[in-house]
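**Q** what shape does this take:
(one chain, ligands or ions: 8)
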Amino acid sequence: MSVKTAIACLLSIIAGIILRTDAAGNIITVYYPPDKTVMEFGLLNISLGMPIHAADFIEVKSNHGLRQKIVPGSENICFTFTLEPGMNNIEIIASKEGQVVDTSVIGVFRRSDLISAYRKPPPGYVKSAFHSGDNEKCEQCHTLKPSENDRMPLNLAQIKRDSKDSGQLKPGSTCYSCHKGIMKYTYVHGPASVWSCLSCHDADAIPTYKVKVTDTEVCFSCHTEQKSSWYSKKFIHGPVNMGKCAICHNPHASDYPFHLNKPSWDLCITCHYEKRTGLHVLGDTFSSKGHPTRGKPDPVRKGKELNCASCHDPHASDFPHLWQFDVESLLELCKKCHGDKKVR
Ligand code: HEC
Ligand code: HEC
Ligand code: HEC
Ligand code: HEC
Ligand code: HEC
Ligand code: HEC
Ligand code: HEC
Ligand code: HEC
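**A** Residues are numbered from 1 along each chain as shown. Ligands and ions are numbered 1, 2, ... in the order given. Now for the predicted structure:
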């Protein structure tokens with residue numbers, strides 16, 4: 001028996017004794033994330049260490065009622081957990097043969113520009129720039145440096161072609177091993193769906209992989225048509241004007257069409273809450289009920305539901321109040337849907 005195996009043997013005996021005598025021992029080591037971390041998006045990468053056979057079952061739950069069950073297969077346990085906006089207290093409970101052997105709690109604050117109460121993290125909570133830190137532990141099993149494949153410049157036509165069958169795509173990207181979760185949504189964005197991560201993220205930035213330019217600059221680098229069309233308009237919507245595309249669009253993927261961060265109607269009323277009644281459309285001379293703003297078929301955009309974007313362009317327009325349909329007056333707008341008895 002070598003010295004190493006002798007020590008390992010001894011350690012496992014001690015661990016065994018601790019396990020039996022002290023049911024709440026320090027079995028779980030959380031490698032990532034540190035406690036009191038601030039995140040911007042909905043997915044958190046968690047990586048744990050645990051002596052093999054110390055536990056046969058791990059339950060992860062948060063104060064938002066989210067749960068995840070894991071059967072540990074090795075000493076390193078990596079998974080992705082969903083975050084709700086605001087405070088997430090994540091409890092990791094390890095058990096063996098039905099008995100809890102250790103628990104660990106991590107506080108993660110998901111910041112959100114869309115909810116005023118969650119714009120500022122609580123005191124003591126900080127962002128951790130994972131990729132600029134010391135990740136030796138992870139590098140035992142993962143490659144953190146971008147591959148040739150990641151660095152390859154892709155052209156738009158190629159992304160368009162590849163994203164059509166991205167379902168079958170086996171990404172050669174090194175980012176995939178840890179970030180595969182970000183694409184598991186219904187509506188995926190072209191360049192992200194083909195794992196062309198470095199078309200927006202910069203491997204030489206500080207912190208590493210930061211998106212160095214404003215949203216508009218990064219988005220318009222490919223969406224040149226939209227750029228010239230919107231910037232030539234008289235009125236540009238507030239958030240677009242401020243360069244904040246990602247306040248509405250997830251740059252990777254989401255469960256809503258156009259990979260919006262919320263369903264379209266909900267997104268608009270996040271900032272224009274008072275417009276949810278539709279009272280503003282008719283004013284109080286016409287009706288006290290207000291105009292419908294959802295829940296009815298859109299008479300113009302066939303197959304879609306009526307929503308705020310039925311009447312307003314979310315980006316820019318030459319017409320007052322960002323009206324759709326290139327109309328100058330209220331009456332013209334009404335006629336677009338009510339004129340030739342499209343509705344009633
Ligand atoms: C002992 C080896 C090992 C170490 C050390 C390790 N990982 Fe992993 N990790 C894996 C394996 C194996 C997978 C599964 C890979 C796959 O399915 O492609 C994985 C998957 C992941 C995933 C994806 C989980 C999912 O299914 O969504 C994340 C995130 C992750 N690792 C993060 C980390 C981080 C962060 C560290 C360092 C703190 C780390 N890992 C250290 C082996 C390891
Ligand atoms: C070892 C696993 C691992 C690999 C491989 C990996 N990442 Fe990450 N990455 C993480 C973790 C952990 C975080 C922290 C945030 C989180 O939990 O999502 C993170 C965060 C990020 C962030 C947010 C900024 C930050 O530093 O917190 C970006 C951007 C990012 N990764 C891009 C990439 C890109 C691009 C690649 C591929 C070239 C990549 N990552 C490969 C684990 C990994
Ligand atoms: C179209 C541009 C674009 C592409 C392509 C893209 N990202 Fe991002 N990503 C962004 C932007 C913008 C942000 C927000 C960055 C910020 O606020 O600094 C972001 C944020 C992130 C974050 C941080 C989320 C968090 O928890 O804060 C991670 C992780 C990330 N990207 C990983 C990836 C990976 C992996 C890929 C490749 C599949 C990828 N991105 C492709 C634009 C992009
Ligand atoms: C590397 C090039 C590239 C960058 C950068 C880029 N996009 Fe895209 N985007 C695409 C491609 C390709 C498509 C798919 C369009 C197609 O197939 O016609 C697309 C589609 C879209 C769509 C339409 C989705 C749909 O369902 O029709 C939206 C919305 C979008 N992008 C928003 C953004 C935003 C917001 C940003 C910045 C965060 C951005 N894009 C940055 C290449 C890019
Ligand atoms: C206020 C929220 C909001 C902001 C900010 C925003 N978008 Fe959009 N975007 C939307 C909505 C909503 C749709 C879907 C419109 C519809 O239902 O027809 C959309 C659709 C799109 C489309 C596909 C349809 C089209 O018009 O080509 C692209 C591309 C796009 N957005 C890119 C961008 C870019 C680039 C930016 C930043 C310059 C941006 N968006 C900023 C809400 C927004
Ligand atoms: C992140 C916050 C935010 C979101 C989300 C948002 N808006 Fe706005 N909106 C603004 C700001 C800021 C202004 C400019 C302030 C002003 O002029 O009142 C504005 C102005 C407007 C205007 C008035 C333009 C004018 O000149 O009268 C309309 C119409 C509008 N938004 C429609 C929408 C629609 C439709 C959506 C959903 C697709 C939406 N907004 C989502 C922040 C937002
Ligand atoms: C049926 C068409 C229609 C729909 C649907 C609609 N609007 Fe409007 N919106 C209008 C008209 C018409 C005006 C101009 C009212 C006026 O002149 O007083 C307007 C004006 C606005 C303004 C600018 C005026 C102000 O008071 O600042 C905002 C912001 C706005 N709408 C947001 C929204 C949002 C958010 C939704 C979805 C909840 C929505 N609208 C749905 C027709 C519509
Ligand atoms: C984008 C299309 C669209 C535009 C533009 C539009 N409407 Fe409507 N309107 C609808 C739809 C859809 C309904 C719901 C019809 C139903 O109940 O099936 C509706 C219903 C109504 C109703 C009945 C409300 C109720 O509670 O039953 C009135 C009144 C009305 N619209 C007036 C107007 C006026 C005035 C304007 C111009 C300021 C206008 N609409 C612009 C689509 C539109």
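**Q** which positions in the chain make contact with ligand 5?
**A** Within the chain, the positions adjacent to ligand 5 are 215-216, 219, 223, 226, 237, 239-240, 244-245, 247-249, 258, 260, 264, 309, 314-315 by CB under 6 Å from any ligand atom. Where C-beta positions appear, they are placed from N, C-alpha and C, glycine not excepted.
**Q** keep those, but drop any that are not near ligand 6.
**A** Restricting the residues of the chain next to ligand 5 to those near ligand 6 by CB under 6 Å from any ligand atom leaves His237, Pro239, Ile247, Cys248, Ser264, Ala309, Pro314.
**Q** turn the residues you listed into a markdown table, columns for distance to His321 and pLDDT.
**A** Compiled in a markdown table, these are given as follows (distance: CB to CB, whole Å; pLDDT from 0 to 100):
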| residue | distance to His321 | pLDDT |
| --- | --- | --- |
| His237 | 10 | 95 |
| Pro239 | 15 | 92 |
| Ile247 | 20 | 91 |
| Cys248 | 18 | 94 |
| Ser264 | 17 | 94 |
| Ala309 | 13 | 95 |
| Pro314 | 12 | 96 |
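**Q** need the max-distance pair from those.
**A** Ile247 and Ala309 (15.5 Å; CB to CB).
**Q** returning to what we had before: let's see which of the residues of the chain next to ligand 5 end up in helices.
**A** Using DSSP state H, the members of these that fall in helices are Asp215, Thr216, Cys219, Gln226, Pro239, Val240, Ser264, Ala309.
**Q** who wins on neighbours among those residues?
**A** Neighbour counts for those peak at Val240, which has 22 neighbours (criterion: other CB atoms under 10 Å).
**Q** where along this protein do the strands fall?
**A** 29-32, 37-39, 43-49, 57-62, 67-70, 76-82, 86-96, 99-110, 126-127, 187-188, 235-236, 253-254, 316-317 (DSSP state E).
**Q** now those in CSV, with mean pLDDT and mean neighbour count?
**A** CSV is the format used below for the strands of the chain (pLDDT from 0 to 100; neighbours: other CB atoms under 10 Å):
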stretch, mean pLDDT, mean neighbour count
strand 29-32, 93, 16
strand 37-39, 95, 18
strand 43-49, 93, 18
strand 57-62, 94, 18
strand 67-70, 92, 13
strand 76-82, 93, 17
strand 86-96, 95, 18
strand 99-110, 94, 18
strand 126-127, 92, 12
strand 187-188, 92, 17
strand 235-236, 94, 16
strand 253-254, 94, 19
strand 316-317, 94, 20
